[in-house]
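Enquirer: sequence and computational prediction follow.
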Amino acid sequence: MGSFQLFGKELSSLKNRKGLLFALIGVMLIPIVYVAILLSATWGPYDNLNNLPVAFVNKDEGGVSSGQPINVGNDLMETLKESNSLGWHFVSEEEALKGLETQKYYMVVEIPEDFSQKVTTVLDPNPQVPELRYIQNEGLNFMGAQVTNSAVEKLREQLGDKITATYARTVFSRFTDIETGFADGADGSKQIVDGTSQLAQGTNTLLTSLTEKSADIQTLAAGAKSADAGAGELVSAISGGTGNIQKLANGSQQVAAGAGELKAGSNQLITGITQVQTGSKQIYTGLQQLQPGSENLLAGLQQLSGGANQLYAGIALGDGTASNPGLANGLNQLATVLQSKQADIEKLAAGAQLLQGLSQAPGLETYRANLQALSAGLTELGTIYPVAVQSANALNSGAQQIAQSMPALTTGLEDAVAGQTTIVGGINSLVAGQGQAVAGIDQLATGQKALGAGIDRLSNGALQVADGNKTLASSWGQLGAGATSLKNGLAQISAGNETVATGWQTMTEGVTSLNDGANRLQAGSLELTAGLEGGAEQVAAIKITDDNIAMFSSPVVLAGEKVNAYEYYRDSTAPYILSLALFVGLLVLSFFVDFKKPAVMPKSAISWFVSKWLQLALFATIQALLVTVFTLVVLQLQVENVLLFILFAILVSVTFMSIVFFLVSAAGHVGRFIGLVFIVAQLSITGSNLPIPMLPENLRALSSFLPLTYSNAGFKSVISLGDVSMLSSNALVLALILVGASALAFVAFVIGYKTLSAKYTPEVQPTA
């Protein structure tokens, strides 16, 4: 049997079941009951605010402003008595608190005792802000709390206007004083103008005098500076000469002292020359005695060197062992020669000490170098000779060591021969020179005696020169002290004149600035006088009226307009009520109509699903038509487009049917419970109570997947906004949800079709 035939069977089965037919009619009227109850009221939540009980407690003791008594609390209370903004009850504080405890009042508003007194402190250095106190009983009703909160805000605005008016009267009352102050200020500024004129004349005269004398002050400063420089040069010259004079005095004293010392030294020199003359003759005799011994020593050293050469030759010819006859003979000869000359060497060493002492004697400067060289040579010979003797003895014990030492010994003996040759030549020279020295010393003694007489005369003259120079040095020092004092005085005069010149210039500049300032002060005083006079005239021209004070207290008036306004408050809740009514009607319908069991055995799962879907879609469409007609005709709900309103209601009803169809066909009673939870969960997050943009971010994201979001928005667009594009977009989303839910329901039918044949009995008609 095809889908439409099966659909006809489903409808015809209702004729034989009168009870079910009446039940269906009652179920489809459920959305009308919803709509009739929730949308029939045309009053709004703000229409009867005068019935909302609110206690008002006025404890204001008043105050005084500009000499006038004020009581803002009483003024506000009189205004509220004529107002219907809330149900005001003017009671005492005890009654208000008691009524709050017994849940009689939704709010208590209190004006404190010092409210008006604080209002009068607006112009004080430390103004006090008056405080309006209130207590809200939010638990009694949340909407009532919101209304009273709005009322308190309006009350604060009214008080603000009254206080501002009081402030304005206080300020404007001071305008008379301000006008008087401006007039007094203008008179005072005129006196300032007269004084500044005299000041400008005086500063101008002073500036002229300072400018004329400025050149003379500069000339005086330049002259003092030149005098100071000349005194400085004088002090420098005297200071430079002081050293020379002092040196001259010191030098003359040193010359005198030197002359005395020279005289004493001359006497000592004569004595010394006499002693040198005697010693020189003794040296000459000693050198004559030393000359033969020195020549004998030279011959011995030459023999010793020849023996050493022979020894070295013997060692070179031998094989270096003790059995070599040539080495033994050379060593014996060397030992014999060395031992035979040891006494002569010792005498020569003693003579070296004698020569060293003679070289220090006075008058032998010419021969001192030769004597020292001779002494050094003899000393070296005395040092080398014992080494040679030890070397000769050591040669007897080891030929190998002698072979290594012979070159050094040979060289040493050759050096000794050369040195002795020099010594012999030096002794010969000393003998000849000493003879000449003896003759020269005799002549020196004679000349020195004559020099002594001249030194006596030099010493006496030097003493006289020293006394004169000492006196000159003392006088020169006094001259330098006087020049220094003169320099210091001139320096102070120069510094003082420079300071005077600088100060004069600074004073001239200051008087110039003072003169400019006096001129500007005079001009400013004229402007001040004109401004104060003009200010006094303007303040006097201000005439304050009650309208001006009202403008100050409330300078802004709201001028607004509404678009897409609701005729009644119910129009704002209609989208939510219609969506909820249609979903609940279909959910209740599932309890009376079997969403799965067919009237006869279907040919296939498709025909079974289509027949049931068409049946339920028919019921959903009828339900939507009944609700919309009742809303438009009976409740007279005003919509922008009647046809679009009806068509969208049908789309919403069929979409909700598809959702309930899927839940019930897939899970039975569990599906019905899920459907109930599903619709309840959507109530607060789909724009019913709060606009979706006011929701938390996660709930805003969740609302985009809920069908009630789009049904509410679609109904709103067709009822109050008249936005076809918004209606179309929401209708498209609902159509997609319809298709998705129907597809899921079809899957449930396909799965259930496999077990349908076993459970189906044709003779038994489906029941509720």
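Expert: In hand now; what should we look at?
Enquirer: how near is the residue positioned nearest the centre of the chain to residue 118?
Expert: In the chain, the C-alpha nearest the mean C-alpha coordinate belongs to residue 126, at 37.9 Å (Cα atoms, centre = their mean). According to Cβ to Cβ, to the nearest Å, residue 126 and residue 118 sit 11 Å apart. From N, CA and C alone the C-beta is placed, and that goes for glycine too.
Enquirer: same check, this time on residue 717
Expert: 52 Å.
Enquirer: quick one, which of these two is more surrounded?
Expert: The neighbour comparison of residue 717 against residue 118 (other Cβ atoms under 10 Å) goes to residue 717, with 25 against 18.
Enquirer: the residue nearest to the centre of the chain looks like it's in a strand, true?
Expert: No: counting by DSSP: H, G, I helix; E, B strand; the rest coil, residue 126 is not part of a strand but coil.
Enquirer: buried residues, stretch 206-215. List them.
Expert: 206, 207, 210 (16 or more other Cβ atoms under 10 Å).
Enquirer: so can I have TSV of these showing pLDDT?
Expert: Shown next, in TSV, are the buried residues of stretch 206-215 (pLDDT from 0 to 100):
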residue	pLDDT
206	74
207	74
210	72
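Enquirer: just checking, which of those belong to helices?
Expert: If you go by DSSP state H, the buried residues of stretch 206-215 have 206, 207, 210 in helices.
Enquirer: helices along the stretch 651-768 of the chain, start to end?
Expert: Taking DSSP state H, counting those that start in this stretch to define them, one finds helices in the stretch 651-768 of the chain at 669-682, 697-703, 707-716, 724-759.
Enquirer: next: the stretch 201-350 of the chain.
Expert: All helices of the stretch 201-350 of the chain, identified by DSSP H, counting those that start in this stretch, fall at 325-340, 342-358.
Enquirer: which stretch in these has the least confidence?
Expert: Among the helices of the stretch 201-350 of the chain, helix 325-340 carries the lowest mean pLDDT, a mean of 65.
Enquirer: burial count for residue 659?
Expert: 25.
Enquirer: could you identify which of the helices of the stretch 651-768 of the chain is most buried?
Expert: Each of the helices of the stretch 651-768 of the chain was assessed for mean neighbour count using mean count of other Cβ atoms under 10 Å. The highest is helix 707-716, with a mean of 25.
Enquirer: how far off helix 669-682 does that helix point, in degrees?
Expert: 50 degrees (axes from the mean of the first three to the mean of the last three Cα atoms, to 10 degrees).
Enquirer: not counting its own residues, what contacts helix 707-716?
Expert: Applying Cβ atoms under 8 Å, 6 or more residues apart in numbering, the external contacts of helix 707-716 come out as 574-576, 578-579, 582-583, 645, 648-649, 652, 655-656, 659, 679, 682-683, 686-688, 692, 703, 726-727, 730-731, 733-734, 737.
Enquirer: mean confidence score for it?
Expert: Averaging pLDDT along helix 707-716 gives 94.
Enquirer: distance from the chain centre to that helix, please.
Expert: 57 Å (Cα atoms, centre = their mean, to the nearest Å).
Enquirer: for it, C-alpha coordinates in CSV please.
Expert: Provided in CSV are the C-alpha atoms of helix 707-716 (Å, rounded to 0.1, in the frame of the first residue of the first chain):
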residue,chain,number,x,y,z
PRO,A,707,15.0,26.2,17.1
LEU,A,708,13.3,28.5,19.6
THR,A,709,15.9,31.1,18.8
TYR,A,710,14.8,31.3,15.2
SER,A,711,11.1,30.9,15.9
ASN,A,712,11.2,33.8,18.4
ALA,A,713,13.2,36.0,16.0
GLY,A,714,11.0,35.1,13.0
PHE,A,715,7.8,36.0,14.9
LYS,A,716,9.4,39.2,16.1
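Enquirer: orientation of it relative to helix 724-759 in degrees?
Expert: Using the same axes, to 10 degrees: helix 707-716 against helix 724-759 is 140 degrees.
Enquirer: doesn't residue 134 fall inside a helix?
Expert: No: counting by three-state DSSP, residue 134 falls outside a helix, being strand.
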